[in-house]
Every structure is written in structure tokens, then in C-alpha cells.
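1. 3D, please:
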Amino acid sequence: MSLFETGVVDLITTDKRLGRAQLDIIYPQSWGDQSRFIESLGPKLNTYVQFIKSGEMERRYPATAGLDIVITIVCPERPPEWALNLLSVAGGKLKRHGIDLRVRIEA
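-> You can find the predicted model right below:
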């Protein structure tokens, strides 16, 4: 699964020690395809927010109940400035729903 499969949640993990549920969005390629990233990010984040806000996440994964929620973009390299700006705007919108947005680089 990846960012481009906009109707699915890629990965969910919990960290009881940190008190958070983490939902990963996998971006498995370099940052050259700006238009594809931009057109996929909104629908993918909307899928995640709906999954969380509808209660489906807690119904399917009861261990996530009551935990802080973090959506993490997992990518192989540091995002370029244009992507960081877009993610900053998206993160501000998610924050209104009580959701943090982060980036994790995994080579």
C-alpha cells in the first residue's frame, strides 16, 4: 500500500508507552513526481480522518481507544521544500481534529 492507494489505511501501530496510535502513509519513491503527490495527499488524508473520526479505527483496533493520534508520512528521503510546505498546511488542518502529522525518513 502507498499514498497512491487513497482509499486504504496503509499501517496502524500503537505505542502504549508514548500513549499514541500511529497511522503510516507510505510514500515509497523519490520526490520527483510533484503533481501526483499533491493530487493523492488530500484524498489519502481524508480517508485517514474519516477512518479515525467515524470510530471505525477504535472498533477495528480497540487498543487505539483513548490514545493520541499521529499520521506519519514514511518516505525514503527528506521531502523537498514544496512538499514540506504542503505538509505544514495539511498538518495545521489535521491539528484541528486533534491529529498530529509527521514525516519519518526510512532509507
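2. what's the residue closest to the geometric middle of this structure?
-> By C-alpha atoms, centre = their mean, the chain has its centre lying nearest to residue 71, at 3.4 Å.
3. tell me the SS of it?
-> At residue 71 the chain is in strand, as set by DSSP: H, G, I helix; E, B strand; the rest coil.
4. so it makes contact with residue 103?
-> No: in this structure, residue 71 is not within contact of residue 103 by C-beta atoms under 8 Å, at 10.2 Å. The way it works is simple: take the backbone N, C-alpha and C, and place the C-beta from them, glycine included.
5. Show the contacting residues for residue 107.
-> Applying C-beta atoms under 8 Å, 6 or more residues apart in numbering to residue 107 gives the contacts 76, 77.
6. Could you measure from it over to residue 77?
-> To residue 77, residue 107 is 8 Å away according to C-beta to C-beta, to the nearest Å.
7. The residue of the chain positioned farthest from its centre sits in which helix or strand?
-> The outermost residue of the chain relative to its centre, with distances by C-alpha atoms, centre = their mean, is residue 17 at 20.4 Å. Assigned by DSSP states H and E, residue 17 falls within no helix or strand.
8. and stretch 63-72, how far apart are its ends?
-> Across stretch 63-72, the terminal residues are separated by 18 Å (C-alpha to C-alpha, to the nearest Å).
9. Next: stretch 13-32.
-> Length of stretch 13-32, first residue to last, C-alpha to C-alpha: 29 Å.
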